[in-house]
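Trainee: can't give you the sequence, but here's the structure:
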């Protein structure tokens, strides 16, 4: 049956993250906050970030969304804790390349568990669901990092 | 000779393909309809034999192109029972048509304190132009509510439409709730209060017989692509005295009468609105689409879709966890059915259905205020047309059951 192809996208770990998202909620004290919308489906994602010694010390997200956007947000929050804004920018660029099917050589090392979302490349209509949270964190900490990279979020051109 | 409804499917080559290894079931007709060979061949014939710019040349090709371009106006007038072909304005689509009414008629007839009345079930294209007009003029934008079953609430219409109302704009068929609205009654209310009645026919014109005079509408807009014509062509119909009174919005070639250094006079309607080279092939394709639908008969198309809804709506409601928005009585429902499955996000459902070869729409359907009113972020939407059959409807039901199983138990 054709639904078996869905396993490439909805891996068990993806379903687990969507069902029990990590860092879901809000922070008592946030240095940065970003609310972002996916205009194709109306989903809203809010990301709050606290920094300590130039690194992400705490992060939380809230909002509604599909399995892919919620799982991706949950994985993103796991992976960016302890990272500097510059490191996060690099991760976001890597994620953005991965989901359009061009993962850089070190993507698994850079993205950790979130690398499992590479299957989304075979579902082009869902790329924006996967990148929503990464775009939000990028914009949230972007000011810490100076100007945004020109190559970021290449999928927006697709 | 009248063909059986099941025989028309063969006129649509695009439907004879596999998607994700499954035979395609196309149920996104409310977004756009597929094109029969007759329409594609009309475009091809025009470009291979008659292509020229209209209204200009004296040569034979220009004459042929102009004749076909203008003949479609009469076809459109007949199709919606407009009194005159000169009331048929070519536009890009419903959106442009409604924007023109707001920006031209609206800007010259609506003043601060006036009311513009629309409904909660409007597509953004029959909402945002009026919101913009209200912001520019200081008019008040008001909304007619709908009942618990998703039908337009005529009591609410009576309350919202007052002597201050200048424009009432309403969709004839909802692109989400799958209802046909009582345009005639609302138009009577509007006219009692001295307002004009603008009708968005994007979702109704492809599926039911439309008679703008019987509806007593003042303006009526629809798109070609939803009724099997190419994209980029649509129609604004307006009563001739209203069109005569409307200033054009695009200035340039074709639409002028006489240009002097400091002033210009314009052609009469409809040509004064059609600045620049028009979508001539689109117009010819629209003519072919109207011929195609008319040969089948709008009443037969409506009856065929009714039969499918009679099966599909109860079958969807029988699946545990399915919520259908709009009436649950098939007799009150068009071929547009919006629903959600369990707590699954519509995008997840639509991706799963796509893997089964079933094409549906998922999202807010350009009706965010309606989604807010229904208290949902988005819905799945299946929408039927004349080439769909019982097997398509059964495939959707089967695929939904498999989707439910997959997400609930992680198995297929």
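Mentor: Good, I have the coordinates. Predicted, not measured: the structure shown is a model, and the values here were computed from it.
Trainee: check contacts around whatever residue of chain A ends up closest to chain B.
Mentor: Using CB to the nearest CB, the single residue of chain A nearest to chain B is residue A:66, 3.4 Å away. C-beta here means a position set from N, CA and C on the backbone, and glycine is covered the same way. With contact taken as CB atoms under 8 Å, 6 or more residues apart in numbering or on different chains, residue A:66 is in contact with A:41, A:43, A:126, A:129, B:345, B:346, B:347, B:348.
Trainee: just checking, the third one is part of a helix?
Mentor: Yes - using DSSP: H, G, I helix; E, B strand; the rest coil, the secondary structure at residue A:126 is a helix.
Trainee: Check whether it really touches residue A:119, as I assumed.
Mentor: No - under the criterion of CB atoms under 8 Å, residue A:126 makes no contact with residue A:119, lying 9.6 Å away.
Trainee: one step back: what sits closest to the residue of chain A closest to chain B if chain neighbours are left out?
Mentor: Nearest residue to residue A:66 in three dimensions, chain neighbours excluded: residue B:345, at 3.4 Å (CB to CB, 6 or more residues apart in numbering or on different chains).
Trainee: give the contact list for the one you found.
Mentor: Counted by CB under 8 Å, 6+ apart, residue B:345 has contacts A:41, A:65, A:66, A:67, B:377, B:378.
Trainee: again, but for residue B:18
Mentor: If you count contacts by CB under 8 Å, 6+ apart, then residue B:18 has B:24, B:357 around it.
Trainee: That one and residue A:2, how far apart?
Mentor: Counting by CB to CB, to the nearest Å, the gap between residue B:18 and residue A:2 amounts to 10 Å.
Trainee: Any idea how many residues pack against residue 8?
Mentor: No chain was given, so I picked chain A. Residues near residue A:8, counting by other CB atoms under 10 Å in any protein chain shown, number 14.
Trainee: Sorry, I should have been clearer: chain B.
Mentor: Neighbours of residue B:8 (other CB under 10 Å): 20.
Trainee: Enumerate the residues of the stretch 1-150 of chain B near chain A.
Mentor: Residues of the stretch 1-150 of chain B lying close to chain A (CB under 8 Å from any CB of the partner chain) are B:20, B:21, B:22.
Trainee: Which stretches in chain A count as strands?
Mentor: In chain A, the segments counted as strands under DSSP state E are A:32-38, A:43-52, A:55-64.
Trainee: Kindly reformat these as TSV containing distance to chain B.
Mentor: Shown next, in TSV, are the strands of chain A (distance: least, CB to the nearest CB, whole Å):
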stretch	distance to chain B
strand A:32-38	9
strand A:43-52	6
strand A:55-64	5
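Trainee: closest to residue B:131 out of those strands?
Mentor: Residue B:131 sits nearest to strand A:32-38 of all these, at 18.4 Å, using CB to CB.
Trainee: Chain B contacts on chain A?
Mentor: A:1-6, A:9-10, A:12, A:15, A:40-43, A:64-68, A:123, A:125-126, A:129.
Trainee: Buried ones among those residues?
Mentor: A:2-3, A:5-6, A:9-10, A:41-43, A:65-68, A:123, A:126, A:129 (16 or more other CB atoms under 10 Å in any protein chain shown).
Trainee: Now do the same contact list for residue 125.
Mentor: Since no chain was named, I'll use chain A. B:351, B:354.
Trainee: Can you look at chain B instead?
Mentor: Residue B:125 sits next to B:94, B:95, B:98, B:99, B:200, B:202, B:366 when contact means CB under 8 Å, 6+ apart.
Trainee: how many neighbours does the fifth one have?
Mentor: It refers to residue B:200. 30.
Trainee: For chain A, what is the nearest residue in the stretch 51-200 of chain B?
Mentor: Of all residues in the stretch 51-200 of chain B, residue B:124 sits closest to chain A, at 11.2 Å by CB to the nearest CB.
Trainee: Please tell me how far that residue sits from residue B:373.
Mentor: According to CB to CB, residue B:124 and residue B:373 sit 14 Å apart.
Trainee: Repeat that for residue A:107.
Mentor: Distance from residue A:107 to residue B:373, by CB to CB: 43 Å.
Trainee: Compare these two and say which is more crowded by neighbours.
Mentor: residue A:107 (17 against 14).
Trainee: That one against residue A:92, yeah?
Mentor: No - contact criterion CB under 8 Å: residue A:107 and residue A:92 do not qualify, at 11.9 Å.
Trainee: For the stretch 201-350 of chain B, which segments count as strands?
Mentor: Secondary structure of the stretch 201-350 of chain B by DSSP state E, counting those that start in this stretch: the strands cover B:219-223, B:234-238, B:256-259, B:264-266, B:322-325, B:336-341.
Trainee: Any idea which of those strands gets closest to residue B:160?
Mentor: strand B:219-223 (19.0 Å).
Trainee: That closest one - what's its average pLDDT?
Mentor: On average, the pLDDT along strand B:219-223 is 98.
Trainee: got it, and stretch A:42-60?
Mentor: In the prediction, stretch A:42-60 has an average pLDDT of 93.
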